[in-house]
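In: 3D model of this:
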Amino acid sequence: MYNRFNNNFPNFEYFAYLPALCKHLGDIFIPCMHNTCNMQEQKRKISVWVPSELYDSVLYAGYTSPTNAVIQGFEMLTRAQSEDSPEEVRRQMQVIRRQMQAEIDTLKNEIERLNASLQEAPDPTEFIEIRARSRELERHNETLKKELEISQETHRNYMMQMQTLITQKQIEVPGAKKPWWRFW
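Out: Residues are numbered from 1 along each chain as shown. This is a model prediction of the structure:
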């Protein structure tokens, strides 16, 4: 079998603490040689300190292993960086610049339209004068209505008096002589 002191034998102590990499056959441990050395070369161990709230939110998001969360985060970062090549960034900036220029043009047109409508609008002092004149005319109108009511009441009273006189004339005997003191 393999001898620990044999130079062509991989360092057994290196694999001894990893039970997943070794198979137990009776009393003899045989190291598994598939991708063991390559696995350590392909992966790097990192140690990071993260805030407790962030760690709790990662667990709450459904990640059962911080390793999986870190791997996915790194993949997303490298994917985002590879998508954002300088040409892509320049193209995005040109699109944004065109959108902003279109919005600026729209706002300029709106400002011009508002300035034109502002120039067509009446002068505020003129508007105040017109409003004051309107209130004065309303008061005068109310005065005229009151005078009309008084005039109508006077006319009605006059008509009632005339009707009374006409009725009184009809009641008097026709052909009767008037007393000498009545002239009318």
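
In: the strands in the protein, which residues?
Out: Ranges of strands in the chain, per DSSP state E, are 22-25, 28-31.

In: mean pLDDT lowest for which of these?
Out: Lowest mean pLDDT within these: strand 22-25, at a mean of 42.

In: domain boundaries for the protein, per the record?
Out: 1-43, 49-83, 85-121, 129-153 (automatic domain parsing).

In: average pLDDT across the second one?
Out: Same thing as domain 49-83. pLDDT averaged over domain 49-83 gives 82.

In: in that domain, what's buried?
Out: 58, 63, 69 (16 or more other Cβ atoms under 10 Å). In this view, the C-beta of every residue, glycine as well, is placed from N, C-alpha and C.

In: next up, the contacts around the first one.
Out: Applying Cβ atoms under 8 Å, 6 or more residues apart in numbering, we find residue 58 in contact with 66, 69.

In: how close does it sit to residue 69?
Out: From residue 58 across to residue 69, the span is 5 Å (Cβ to Cβ, to the nearest Å).

In: next: the second one.
Out: Here the distance between residue 63 and residue 69 works out to 4 Å (Cβ to Cβ).

In: could you tell me the phi and psi values at residue 123?
Out: phi -70, psi 140 (degrees, to the nearest 10).

In: could you give the number of residues near the residue nearest to residue 130 when sequence neighbours are not counted?
Out: Leaving aside its sequence neighbours, residue 130 sits nearest to residue 122 (Cβ to Cβ, 6 or more residues apart in numbering; 7.8 Å). For residue 122, the neighbour count with other Cβ atoms under 10 Å is 8.
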